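Student: what's the 3D shape of this:
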Amino acid sequence: MKKITILTVHIILFLLGSTVLAQTIPTPPKPPTTHTSSSSSMSYSKTSSDNQGGNISIAISNTNDSYKFKAKFPEERYVEIVSVLKNELESKKMTKSGSTYSWVSNANGNEVYNVNLNSKKLTMSLDKSIASDALITKFEALGKTLKTVISGNDETKREAEELQREADRLLRDAERMKREAARIQREAKRIEQANLESYKEDAIRIAEEAKRLAEKAAIISVEASHKGAINTPLKMLLRSNKTYLSNTLKNTINYTWPSAQNELITALLKNNMVQSKNNIVFNTDPTGVYINGTKLTNTQINQYKSILKRYNITPDNTFSFYKTDNNIVIINNNAKLTSFLKNLKEKGYINSLKDKLLLEINGTSIIKNGKAVSTKDVAIYNRLLLQNNIIPAPGKIIEITASNAYKLGYTLNNKSHIGTWVMP
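Tutor: Numbering: from 1, shown residues only. Modelled structure (predicted):
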């Protein structure tokens with residue numbers, strides 16, 4: 001049985017050594033909580049004006065005992081805030097009077113939480129001494145989402161870029177330390193045996209620190225991606241000619257993505273999820289779907305899935321989508337890669353799942369082991385790809401390697417791969 005791994009780039013160099021040259025996307029950590037026996041607290045406050053001239057103020061207090069969120073905002077934000085709260089809080093706890101909403105939860109005569117919203121003000125309070133850990137985590141995550149909705153994407157984008165820069169710095173430090181560990185190991189081979197153990201200990205210590213930094217970088221990078229940041233390998237891909245998508249392409253030979261993309265972006269612009277069609281970060285992971293730093297509600301997700309379904313992209317086809325100008329990258333999160341290769345064998349396109357294979361997928365064309373596939377066969381390939389939750393896109397490859405591993409995604413160079421890797 002093969003092991004399926006979803007990869008982005010580089011960090012696994014430190015997590016698994018040099019045998020696999022890619023980075024496993026970590027399961028994003030639960031947001032940090034402060035409900036411990038020690039004394040700790042976090043506070044945040046912001047006052048500003050948005051570009052429509054409305055005043056915004058946000059204050060968050062998060063201690064061992066309580067979580068409090070207070071905000072004032074322009075009326076334009078009201079509808080979206082209502083939508084977020086309705087999606088996250090229990091409807092049976094809600095009461096409404098005019099434009100004022102309240103959510104109150106009690107347990108054994110004690111108030112667990114109280115949320116009040118009107119057209120210009122929101123307050124939330126949670127008693128952490130009686131709330132469950134799950135509810136505490138939920139409120140802290142809800143506060144982050146509301147902060148993004150109220151303050152807008154500009155501040156979130158700045159925070160995301162700062163986080164991504166920190167992740168990149170940690171990763172550079174980890175790379176430097178890994179090189180140092182390798183240098184010490186080489187040096188150990190040249191010295192007398194008596195000192196070999198001390199060199200080994202130094203190399204192990206440095207390698208462990210490199211691994212720690214890489215893990216921290218991965219965690220920060222995930223948080224940055226939720227806020228709309230793009231990591232360095234993805235930026236490189238989005239500057240590459242091979243990921244360029246012509247904006248004149250139509251729905252031909254079962255290549256449905258260009259039309260799906262156009263309709264999806266139109267909906268995102270209409271819903272104010274993005275401000276421009278030229279900069280889109282559509283990030284999907286186990287915690288949810290985030291577009292340019294905003295977490296989607298289930299209603300929003302279903303709306304966009306219904307658009308994609310019209311173009312034979314099924315609701316269970318989860319992916320991340322990045323767009324800068326006319327360059328795009330699509331990372332399939334649940335691709336049925338082995339099934340697709342079996343389909344190729346059944347159709348007679350390949351003889352074995354063990355023979356070396358390189359498919360260069362561009363949507364409008366496919367190069368198989370250096371030779372162009374006929375237009376008729378491209379249509380069949382594209383249909384099979386979509387049936388197996390793989391969206392054709394410029395620059396994407398599928399490969400059976402010499403070691404019988406299967407790869408799907410994008411290759412930056414001989415040592416870096418973004419996408420899915422099915423290990424033998």
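Student: and the pLDDT at R186?
Tutor: Per-residue pLDDT puts R186 at 69.
Student: what about the strands in the stretch 51-200 of the chain?
Tutor: 55-63, 66-72, 94-97, 100-107, 110-117, 121-127 (DSSP state E, counting those that start in this stretch).
Student: out of those, which gets nearest to I331?
Tutor: For the strands of the stretch 51-200 of the chain, the distance to I331 is smallest for strand 55-63, at 32.4 Å, taking CB to CB. Bear in mind the C-beta positions are built from the backbone N, C-alpha and C, glycine included.
Student: who does that closest one touch, helix- and strand-wise?
Tutor: strand 41-49, strand 66-72, helix 133-151 (3 or more CB pairs under 8 Å, 6 or more residues apart in numbering; DSSP states H and E).
Student: so what strands line up beside it?
Tutor: Strand pairing for strand 55-63, using DSSP bridges, gives strand 41-49 (antiparallel), strand 66-72 (antiparallel).
Student: those: lowest mean pLDDT?
Tutor: strand 41-49 (a mean of 54).
Student: list the contacts of the residue lying closest to P424 once chain neighbours are set aside.
Tutor: Residue nearest to P424 in three dimensions, not counting chain neighbours: N404, with 4.4 Å by CB to CB, 6 or more residues apart in numbering. Going by CB atoms under 8 Å, 6 or more residues apart in numbering, N404 touches 353-354, 424.
Student: between these, which sits nearest G109?
Tutor: So of the contacts of N404, ranked by how close each gets to G109 (CB to CB), first place is P424, at 60.4 Å.
Student: need the helices and strands packed on strand 55-63 in CSV (columns: mean neighbour count).
Tutor: Shown next, in CSV, are the helices and strands packed on strand 55-63 (neighbours: other CB atoms under 10 Å):
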stretch, mean neighbour count
strand 41-49, 11
strand 66-72, 20
helix 133-151, 19
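Student: how about these in CSV, adding distance to I390?
Tutor: Listed next are the helices and strands packed on strand 55-63 as CSV, based on distance: least, CB to CB, whole Å:
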stretch, distance to I390
strand 41-49, 42
strand 66-72, 41
helix 133-151, 31
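Student: quick one: closest of the ones you listed to I230.
Tutor: Of those, the one closest to I230 (CB to CB) turns out to be helix 133-151, at 17.0 Å.
Student: okay, and the beta partners of the residue nearest the centre of the chain?
Tutor: Centroid-nearest residue in the chain, with CA atoms, centre = their mean: N283, separated by 3.9 Å. Counting by DSSP bridges, N283 forms beta bridges with Y290.
Student: quick one on the thing from earlier: could you dump the strands of the stretch 51-200 of the chain to CSV with distance to S246?
Tutor: Below are the strands of the stretch 51-200 of the chain laid out as CSV (distance: least, CB to CB, whole Å):
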stretch, distance to S246
strand 55-63, 40
strand 66-72, 44
strand 94-97, 48
strand 100-107, 47
strand 110-117, 46
strand 121-127, 45
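Student: where among those is the average confidence lowest?
Tutor: Looking at these, the weakest mean confidence is strand 55-63, a mean of 90.
Student: next, the angle helix 133-151 makes with that one.
Tutor: Counting by axes from the mean of the first three to the mean of the last three CA atoms, to 10 degrees, strand 55-63 lies at 160 degrees to helix 133-151.
Student: tell me the domain ranges of the protein?
Tutor: Listed by automatic domain parsing, the domain ranges of the chain are 41-151, 230-424.
Student: out of those, deepest packed?
Tutor: Comparing the domains of the chain by mean neighbour count (mean count of other CB atoms under 10 Å), domain 230-424 comes out on top with a mean of 18.
Student: so what would you say the end-to-end distance of stretch 122-137 is?
Tutor: Terminal residues of stretch 122-137 are spaced 19 Å apart (CA to CA, to the nearest Å).
Student: verify the stated contact: I391 with T314.
Tutor: No: judged on CB atoms under 8 Å, I391 makes no contact with T314 at a distance of 10.8 Å.
Student: now do S91 against T299, distance only.
Tutor: S91 sits 13 Å away from T299, going by CB to CB, to the nearest Å.
Student: can you check K147 too?
Tutor: Distance from K147 to T299, by CB to CB: 21 Å.
Student: and what of L341?
Tutor: Separation of L341 from T299 (CB to CB): 37 Å.
Student: give me the secondary structure label for the closest residue to L384 other than its chain neighbours.
Tutor: With sequence-adjacent residues excluded and distances taken as CB to CB, 6+ apart, L384 is closest to N343, at 4.9 Å. Under DSSP: H, G, I helix; E, B strand; the rest coil, the three-state class of N343 is helix.
Student: please consider this matter closed, and thank you.
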